[in-house]
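> predicted model and sequence follow; I will ask about them next.
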Amino acid sequence: MRLMQKLDAYEKLMRLDKPIGTLLLLWPTLWGLWLAGEGKPDLMTVWIFALGTLLMRSAGCVINDWADRRFDGEVARTRERPLVTGRVSPREALFLAAGLALVAFLLVLRLPKLVWWLSVPALLLAASYPFTKRFFAVPQAYLGFAFGFGIPMAFAALQGNVPVLAWILLLANVFWAIAYDTEYAMVDREDDLRIGIKTSAITFGRFDVWAVMVCYLFFLLTMVGAGWLAARGGFYYLGLAGGLGLAVYHGYLIRGRDRDRCFAAFRHNSWIGAVVFLGIVLDFAVQSFSG
């Protein structure tokens, strides 16, 4: 295989051509950084977390495809992935994942030691998530912890400790992840049932749409609690109101359980993360201006 073909296969294995996963991992990390830094986080720390997010999401995708390599060929959406087609070997995939995780850890070494320790459970969550689909009825909840662990790490980096606020934000992210990843799982439900994979879309059954909307509601209510604890102002809650409007739109998209519309709703979640982040940024900016 030519070099460019191999690099293209690695790119697809790392999902660099599909940034939605990186964004869904990045937004809650940015919420944590801005709240921990009270609107003025250290820019080098922000850069380290942003790059680390990209690296760990890429490593997570590689591990996920390695773990699911015997299943992906049975699913219409995944049967052309590099490990299924043989463009990347399982051994290559493991070396690639290890290399990405190592570079991410080298970045963490520039941060306080508490962040080093927190990076261990963060890595374990990312590496073990793909296997939860074998036995856990709602693996999307586990994904929420994995995708949100940048929040306590952000507080550790900027404040030197992990306050209650960080754990509340992490809980909010768990509810959000269950909502958006259930939309994603609704796309593959028939294939997952056939091959025996467990997902929230299967577990929730005919109540899947309601479950998604309830999780969105719990996500936003938990974020309201976080805003109250952090003494945030009107723009923070305006951002949450924008997120609520987008969540209602997602309910409209998925109500018929059409695969394409469910996938569109999943991808649209990046806008929820962005609107919530914008509310946080504006709230601190207005506070700083008026103060």
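Done, it's in. Keep in mind it's a predicted model, so treat the numbers as computed, not measured.

> can we go C-alpha only for contacts and neighbour counts from here?
Noted.

> okay, now the unreliable bits of the stretch 1-150 of the chain?
Scanning the stretch 1-150 of the chain for pLDDT under 70 picks out the ranges 1.

> brain fart, the stretch 151-291 of the chain
For the stretch 151-291 of the chain, the stretches with pLDDT under 70 are 291.

> so where do the helices sit in it?
Assigned by DSSP state H, counting those that start in this stretch, the helices in the stretch 151-291 of the chain fall at 164-187, 189-195, 200-204, 208-229, 234-254, 259-290.

> ok and the fifth one relative to helix 259-290, angle-wise?
Orientation check (axes from the mean of the first three to the mean of the last three C-alpha atoms, to 10 degrees): helix 234-254 against helix 259-290 gives 170 degrees.

> hang on, the earlier thing: could you identify which of the helices of the stretch 151-291 of the chain is most buried?
helix 164-187 (a mean of 25; mean count of other C-alpha atoms under 10 Å).

> closest one to residue 125 among the helices of the stretch 151-291 of the chain?
Closest approach to residue 125 among the helices of the stretch 151-291 of the chain (C-alpha to C-alpha): helix 164-187, 13.1 Å.

> so what secondary structure elements neighbour that closest one?
Applying 3 or more C-alpha pairs under 8 Å, 6 or more residues apart in numbering; DSSP states H and E, we find helix 164-187 packed against helix 20-36, helix 139-148, helix 150-159, helix 200-204, helix 208-229, helix 259-290.

> could I get those helices as a markdown table with distance to residue 97?
Shown next, in a markdown table, are these (distance: least, C-alpha to C-alpha, whole Å):
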| stretch | distance to residue 97 |
| --- | --- |
| helix 20-36 | 16 |
| helix 139-148 | 16 |
| helix 150-159 | 19 |
| helix 200-204 | 27 |
| helix 208-229 | 31 |
| helix 259-290 | 24 |
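
> if we can go back for a sec, can you lay out the helices of the stretch 151-291 of the chain as CSV showing distance to residue 112?
As requested, these are exported to CSV (distance: least, C-alpha to C-alpha, whole Å):
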stretch, distance to residue 112
helix 164-187, 17
helix 189-195, 42
helix 200-204, 37
helix 208-229, 24
helix 234-254, 29
helix 259-290, 24
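
> state the distance from the closest residue to residue 179 other than its chain neighbours to residue 140.
Distances taken as C-alpha to C-alpha, 6 or more residues apart in numbering place residue 212 nearest to residue 179, at 4.5 Å, with adjacent residues excluded. Residue 212 sits 11 Å away from residue 140, going by C-alpha to C-alpha, to the nearest Å.

> do the same with residue 236
26 Å.

> same question for residue 128.
For residue 128, the distance to residue 140 - C-alpha to C-alpha - is 13 Å.

> please give me every residue in contact with residue 13.
58, 61-62, 65, 81-83 (C-alpha atoms under 8 Å, 6 or more residues apart in numbering).

> I figured residue 278 hits residue 238, correct?
No - contact criterion C-alpha atoms under 8 Å: residue 278 and residue 238 do not qualify, at 9.5 Å.

> nearest spatial neighbour of residue 24, skipping sequence neighbours?
Closest residue in space to residue 24, ignoring its immediate chain neighbours: residue 270 at 6.0 Å, by C-alpha to C-alpha, 6+ apart.

> buried set for stretch 32-52?
Residues of stretch 32-52 classed as buried: 32-39, 41, 45-46, 49-52 (neighbour count, 16 or more other C-alpha atoms under 10 Å).

> ditto for stretch 149-160
So for stretch 149-160, counting by 16+ other C-alpha under 10 Å, buried means 149-158.

> can I get that stretch in PDB, CA atoms only?
C-alpha atoms of stretch 149-160 as PDB (Å, rounded to 0.1, in the frame of the first residue of the first chain):
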ATOM      1  CA  PHE A 149     -13.600  14.000  32.200                       C
ATOM      2  CA  GLY A 150     -11.800  17.000  30.800                       C
ATOM      3  CA  ILE A 151     -14.000  19.000  33.100                       C
ATOM      4  CA  PRO A 152     -12.500  17.900  36.500                       C
ATOM      5  CA  MET A 153      -9.100  18.000  34.800                       C
ATOM      6  CA  ALA A 154      -9.700  21.600  33.700                       C
ATOM      7  CA  PHE A 155     -10.500  22.600  37.300                       C
ATOM      8  CA  ALA A 156      -7.400  20.700  38.600                       C
ATOM      9  CA  ALA A 157      -5.200  22.600  36.000                       C
ATOM     10  CA  LEU A 158      -6.500  26.100  36.800                       C
ATOM     11  CA  GLN A 159      -7.600  25.900  40.500                       C
ATOM     12  CA  GLY A 160      -5.400  23.100  41.800                       C
END
